[in-house]
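>>> Pasting the sequence and the predicted coordinates here, then a few questions.
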Protein chains: 2
Amino acid sequence: MLERAVFFVSDQTGVTAETLGHSLITQFSGQHYRQVTLPFIDSEDKAREAVRTIDAAARDGVPRPIVFSTMVQPELREIVKESAGLHLDIFDEFLEPLATELGETPQYRLGMAHGVSDIDTYMKRIEATNFALANDDGGISRNYDAADVILVGVSRSGKTPTCLYLALQYGVYAANFPLTDDELESGTLPGFLVQQKRKLFGLTIAPDRLREIRKERRPMGKYSSAQQVRFELRESDKIFRRYGIPNVNTTSFSIEEISSRILDSTGVERRVRP
Amino acid sequence: MLERAVFFVSDQTGVTAETLGHSLITQFSGQHYRQVTLPFIDSEDKAREAVRTIDAAARDGVPRPIVFSTMVQPELREIVKESAGLHLDIFDEFLEPLATELGETPQYRLGMAHGVSDIDTYMKRIEATNFALANDDGGISRNYDAADVILVGVSRSGKTPTCLYLALQYGVYAANFPLTDDELESGTLPGFLVQQKRKLFGLTIAPDRLREIRKERRPMGKYSSAQQVRFELRESDKIFRRYGIPNVNTTSFSIEEISSRILDSTGVERRVRP
């Protein structure tokens, strides 16, 4: 099948254009896409270079490129729109109705504000990331009093990446505690965790998926055996039920979805907004 | 000033609606916003509940809410649009031109595909995150042969969160190495780093900003003193010049921007797309 080029063009990182474009193109599965991000297109020269790149992808016999763009400055947007391709730009579509509603002229400023609030946001995300690192996998700090949420689950159920994502994206203080033989065989949690019961949130996962993930780490042995994996997940489910710990099955979710479901389910407030 | 409610409504995590909405509302600084995310609105009942929440924010004398939504299913989108507020939905605006261009009917499926490629993406992000953790702060693993990029910089210049973001967002294998007195006083890098010279990327930061960040950790003492911070940054700049290490000043950038600039500048290929 012919490959269609999809460009994400931005005067900033391109993350917004990618997020937008990805939501849209995944609605059409009968296509082959080649995805290219062109970030930091913040001058006329760079905009013309982007046009050349896009036009080069629009050769004869190839379907024309699709261009998702987030170009704040109208004059740069106009240059990019001279290129071959279907152009979909959020500022084109949404800035005018928003300006009318707010009764204010847009400032056409690049990306995020670089003011005091940004420094504050940066600090909060860094502090939350450091917290996640210090309180990873039952780590030495165990500063659970300061935690917003404490994830519990067996090894490789997704605790660490979820904690880090919660920290980086939302500034949430997320600790995690691994369920090991001590807990799984006794069916009980240690006292210092029971004290924090209202902060606990469980992660579970389908046995086949967990085996697949564990085999990446250690292909052989008990750790990734069907019997061991089934035992651990059965016992961790029992612990969740026994202590009434809300939990989510992560099998078919991305890290973003798991994180978002945890916030939604626990009501934990994010400390920053992206 | 009157606070205006801004809702991000989604049948999935709400991350796309937030990203889109944030890019737009930051263009208007003369406003006070109260931001609320309503994720996982994936049934008629939940859509009606969202309508009640939005309508409750549209009281007399308060400017009407703004609703950024990413609702794939037209019937749920229609319900949400019954609420008071200015409605801006990406599927409303962009799905039809895209369907016409691609010659394909959209599938109206929720969020990301839950197929094999997702498992693959999940694994890659997890492996990259584990790599970042194992190779953080000159950690024991020093598996630099496998690294895509190795960040160098003084303490608190942003190495760790940037490495983790590169891993979680892009699946990139990012290690980091802190410049300490050993390197700063001798002006040289250890041999195992020089061997990886083409992978090195430097982070620098304004002295005042670094002091501010360090004071959060240790308010007193040499670590956050003006003299020490200036010395470290001056010497790290010399090292970057001496070895020809490309670098970015992180002072006024978010973690996303730093990460994106590193990819753009080094040409390191992302291993996953969000």
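Right, received. Where do you want to start?

>>> do the helix or strand encompassing residue A:34 and chain B meet?
Assigned by DSSP states H and E, residue A:34 belongs to strand A:32-38. Yes - contact of strand A:32-38 with chain B (C-beta under 8 Å from any C-beta of the partner chain) involves residue A:35. All C-beta atoms are positioned from the backbone trio N, CA, C, and that covers glycine.

>>> List the strands paired with that strand, with their directions.
strand A:3-10 (parallel) (DSSP bridges).

>>> Would you indicate which residues of the strand holding residue A:34 are buried?
Neighbour-count burial for strand A:32-38 flags A:33, A:35-38 (criterion: 16 or more other C-beta atoms under 10 Å in any protein chain shown).

>>> Stretch A:249-267 too?
Under the neighbour-count criterion of 16+ other C-beta under 10 Å, stretch A:249-267 has A:249-251, A:253-264, A:266 buried.

>>> Quick one: name the residues of the stretch 151-274 of chain A near chain B.
So the stretch 151-274 of chain A meets chain B at A:158, A:160-161, A:164-165, A:168-169, A:209, A:212-213, A:216, A:252, A:254-257, A:259-261, A:263-264, A:273-274 (C-beta under 8 Å from any C-beta).

>>> Show me where the stretch 151-274 of chain A has its helices.
Taking DSSP state H, counting those that start in this stretch, the helices of the stretch 151-274 of chain A run over residues A:159-170, A:181-186, A:191-194, A:207-217, A:226-243, A:255-266.

>>> Could you identify which of those is most buried?
Mean neighbour count, computed with mean count of other C-beta atoms under 10 Å in any protein chain shown, is highest for helix A:159-170 among the helices of the stretch 151-274 of chain A, reaching a mean of 26.

>>> what angle sits between that one and helix B:159-170?
100 degrees (axes from the mean of the first three to the mean of the last three C-alpha atoms, to 10 degrees).

>>> pLDDT (mean, whole number) over helix A:159-170?
Regarding helix A:159-170, the rounded mean pLDDT is 95.

>>> what's it packed up against?
Under the contact definition 3 or more C-beta pairs under 8 Å, 6 or more residues apart in numbering or on different chains; DSSP states H and E, helix A:159-170 sits against helix A:116-134, strand A:149-153, strand A:174-178, helix A:255-266, helix B:116-134, helix B:159-170.

>>> any chance of these in JSON lines, with distance to residue B:54 too?
As requested, these are arranged in JSON lines below (distance: least, C-beta to C-beta, whole Å):
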{"stretch": "helix A:116-134", "distance to residue B:54": "25"}
{"stretch": "strand A:149-153", "distance to residue B:54": "27"}
{"stretch": "strand A:174-178", "distance to residue B:54": "29"}
{"stretch": "helix A:255-266", "distance to residue B:54": "17"}
{"stretch": "helix B:116-134", "distance to residue B:54": "31"}
{"stretch": "helix B:159-170", "distance to residue B:54": "31"}
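
>>> quick one on the thing from earlier: now do whichever helix or strand comes after the strand holding residue A:34, average pLDDT.
Once the chain leaves strand A:32-38, the next helix or strand it forms, by DSSP H and E, is helix A:44-57. In this model, helix A:44-57 has a mean pLDDT of 96.

>>> Repeat that for stretch A:7-15.
92.

>>> Mind checking the helices and strands packed on helix A:159-170 for the one nearest to residue B:93?
Smallest distance to residue B:93 across the helices and strands packed on helix A:159-170 (C-beta to C-beta): 22.9 Å, for helix A:255-266.

>>> can you give me how far the closest one is from the chain middle?
10 Å (C-alpha atoms, centre = their mean, to the nearest Å).

>>> send the alpha carbons of it over as PDB?
C-alpha atoms of helix A:255-266 as PDB (Å, rounded to 0.1, in the frame of the first residue of the first chain):
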ATOM      1  CA  ILE A 255       0.700   4.500  30.800                       C
ATOM      2  CA  GLU A 256      -1.300   7.700  30.200                       C
ATOM      3  CA  GLU A 257      -4.600   5.800  30.500                       C
ATOM      4  CA  ILE A 258      -3.600   4.000  33.700                       C
ATOM      5  CA  SER A 259      -2.500   7.300  35.300                       C
ATOM      6  CA  SER A 260      -5.600   9.100  34.200                       C
ATOM      7  CA  ARG A 261      -7.800   6.300  35.600                       C
ATOM      8  CA  ILE A 262      -6.000   6.500  38.900                       C
ATOM      9  CA  LEU A 263      -6.600  10.200  39.300                       C
ATOM     10  CA  ASP A 264     -10.200   9.800  38.200                       C
ATOM     11  CA  SER A 265     -10.800   7.000  40.600                       C
ATOM     12  CA  THR A 266      -9.000   8.400  43.700                       C
END
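
>>> Can you tell me what sits against it?
With contacts defined as C-beta atoms under 8 Å, 6 or more residues apart in numbering or on different chains, helix A:255-266 is touched by A:149, A:151, A:158, A:161-162, A:165-166, A:169-170, A:172, A:201, A:203, A:246, A:248, A:250, A:253, A:268, A:270, B:12-15, B:39-40, B:111-112, B:122, B:125, B:168.

>>> Helix B:116-134 and that helix, what's the angle between them?
Computed by the same axes, to 10 degrees, the angle between helix A:255-266 and helix B:116-134 is 80 degrees.

>>> Would you mind getting the angle between helix A:255-266 and strand A:174-178?
Angle, helix A:255-266 to strand A:174-178, by the same axes, to 10 degrees: 100 degrees.

>>> Which residue ranges make up the domains of chain A?
Split into domains by automatic domain parsing, chain A comes to A:3-102, A:116-266.

>>> Let me have those domains in CSV, extended by distance to residue B:135.
As requested, the domains of chain A are exported to CSV (distance: least, C-beta to C-beta, whole Å):
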stretch, distance to residue B:135
domain A:3-102, 24
domain A:116-266, 13
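
>>> I'd like to know which of the ones you listed lies nearest to residue B:92.
domain A:3-102 (9.2 Å).

>>> Centre of the chain to the closest one, how far?
22 Å.

>>> end-to-end on that domain?
End-to-end distance of domain A:3-102 (C-alpha to C-alpha, to the nearest Å): 42 Å.

>>> I appreciate the help and will end here.
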